[in-house]
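Enquirer: With the input below, show me the fold.
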Amino acid sequence: MKIQAILKEYKVSYQEGGSHPHVRPGWIGVDCPWCGRGANKYHLGINLSGSFASCWRCGSRPLADVLVELTNLPPSLCYDLVKSIDKGGLAPLSERRRGKLVIPIGVGPMLPVHRKYLSNQRRLDPDEIAQLWGVQGIGLAAEYAWRLWIPVYHFGEVVSWTTRAIGTGMRYLHAPPEQESVPIKSVLYGSDLVRHAVIICEGPIDAWTIGPGAVATCGLGYTREQLIKLSQFSVKVVCFDSEFQAQKRARRLARQLQVFPGETYVVELQTGKDPNEADRREIMELRKTYLE
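Expert: Okay, here's the model as predicted:
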């Protein structure tokens with residue numbers, strides 16, 4: 001059974017990928033029952049290949065929970081419906097597998113020191129970062145001590161991870177190759193929360209600052225796999241740091257993306273060297289112009 005048949009049977013309004021500005025190919029769009037019921041904005045996407053769902057505002061949701069809210073059916077019946085869904089579309093993890101995902105020792109809910117770093121130094125809401133992006137913390141540990149642990153999702157599955165120092169030390173330390181199931185540089189951080197338009201950043205903190213709709217290449221460099229994934233969005237906005245080398249790389253990426261269908265833009269922030277340092281009014285305007 002296809003997800004469209006389930007939605008039709010229970011009279012749930014939806015949009016196919018490409019038929020609405022907020023719904024990209026490979027997805028079904030519905031109104032989010034938690035933050036947009038009856039709005040006809042279709043911010044919650046149900047992926048056709050992975051049978052998972054994520055809201056552009058609320059983050060990822062178990063598909064069974066989404067069906068409970070949309071259909072008012074008992075949870076047990078919704079779990080059975082999810083099991084019956086035909087997953088014969090795109091293979092979500094056709095990327096080359098590298099190894100088995102290994103979570104480092106010490107990962108757990110953020111400690112006060114992690115929360116203070118996000119709220120005081122980064123002007124971000126720790127609860128929102130944990131809920132939307134799945135971020136946790138590492139305290140005393142043999143490796144990665146006093147860092148944020150940042151999972152990398154791809155089609156609803158954690159395939160890799162990176163860490164961010166909250167004090168001294170290298171800013172980002174990625175998972176070793178043998179501890180990730182798909183290479184971090186062959187996917188786009190945050191892509192599960194993107195619909196028709198994407199704002200392309202360098203690092204996760206920049207993506208958190210802009211919010212759902214932003215992705216990170218996890219470094220100034222980008223790979224061919226990431227370029228191909230970016231080409232699939234109808235609106236592509238490159239928002240790298242304002243430093244000379246970053247803007248040079250941003251223009252190069254934009255030139256490569258311009259050969260694909262859709263619109264491509266380069267944005268240079270005026271109030272900070274990166275999205276997290278920029279004035280929040282400029283970030284809100286960026287979202288309003290390209291994402292909303």
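Enquirer: When you work out contacts or count neighbours from here on, use the C-alpha atoms and nothing else.
Expert: OK.
Enquirer: give me the number of residues near residue 241?
Expert: 25 (other C-alpha atoms under 10 Å).
Enquirer: Next up, the contacts around it.
Expert: 202, 247, 268, 269, 273, 274, 275 (C-alpha atoms under 8 Å, 6 or more residues apart in numbering).
Enquirer: Secondary structure of the fifth one: a helix, I assume?
Expert: No. Counting by DSSP: H, G, I helix; E, B strand; the rest coil, residue 273 is not part of a helix but coil.
Enquirer: is it true that it touches residue 244?
Expert: No. Contact between residue 273 and residue 244 fails when scored by C-alpha atoms under 8 Å: they sit 10.5 Å apart.
Enquirer: quick one: contacts of the helix or strand bottoming out on mean pLDDT in the chain?
Expert: Least confident helix or strand, the chain: strand 59-61 with a mean of 76, by mean pLDDT, DSSP states H and E. If you take C-alpha under 8 Å, 6+ apart as the criterion, strand 59-61 is touched by 52, 53, 54, 55, 131, 132, 133, 156, 192, 193, 212.
Enquirer: From residue 279, how far out is the nearest residue to residue 277 once chain neighbours are set aside?
Expert: Spatial nearest neighbour of residue 277, excluding adjacent residues (C-alpha to C-alpha, 6 or more residues apart in numbering): residue 271 at 7.5 Å. Using C-alpha to C-alpha, to the nearest Å, one gets 6 Å for the distance from residue 271 to residue 279.
Enquirer: Give me the buried positions along stretch 177-184.
Expert: 179, 180, 181, 182, 183, 184 (16 or more other C-alpha atoms under 10 Å).
Enquirer: Just want the most central residue of the chain.
Expert: The centroid of the chain falls nearest to residue 190 when counting by C-alpha atoms, centre = their mean (1.9 Å).
Enquirer: coming back round to it: just the buried ones from the contacts of residue 241?
Expert: Buried, going by 16+ other C-alpha under 10 Å: 202, 247, 268, 269, 274, 275, out of those.
Enquirer: For this protein, which segments count as helices?
Expert: Per DSSP state H, the chain carries helices over the ranges 3-9, 63-71, 75-84, 112-116, 126-133, 204-210, 224-230, 244-257, 280-290.
Enquirer: Now do the buried residues in the third one.
Expert: Just to be clear, that refers to helix 75-84. Those would be 78, 79, 81, 82, for helix 75-84 by 16+ other C-alpha under 10 Å.
Enquirer: swap in the shortest one?
Expert: Across helix 112-116, burial judged by 16+ other C-alpha under 10 Å covers 114, 115, 116.
Enquirer: Could you measure from the last one over to residue 137?
Expert: If I follow you right, that is residue 116. Distance from residue 116 to residue 137, by C-alpha to C-alpha: 12 Å.
Enquirer: for the second one, same thing?
Expert: Using C-alpha to C-alpha, we find residue 115 at a distance of 9 Å from residue 137.
Enquirer: And the first one, by the same measure?
Expert: Residue 114 sits 7 Å away from residue 137, taking C-alpha to C-alpha as the criterion.
Enquirer: overlap in contacts of the two?
Expert: 146, 147, 148.
Enquirer: Of those, just say which sits nearest to residue 13.
Expert: The shortest gap between residue 13 and any of the shared contacts of residue 114 and residue 137 belongs to residue 148, at 39.1 Å (C-alpha to C-alpha).
Enquirer: Identify the residues contacting the nearest residue to the closest one once chain neighbours are set aside.
Expert: Take residue 148 and drop its neighbours on the chain: the residue closest to it by C-alpha to C-alpha, 6+ apart is residue 137, 4.6 Å away. Neighbour list for residue 137: 106, 107, 108, 109, 110, 111, 114, 146, 147, 148, 149 [criterion: C-alpha under 8 Å, 6+ apart].
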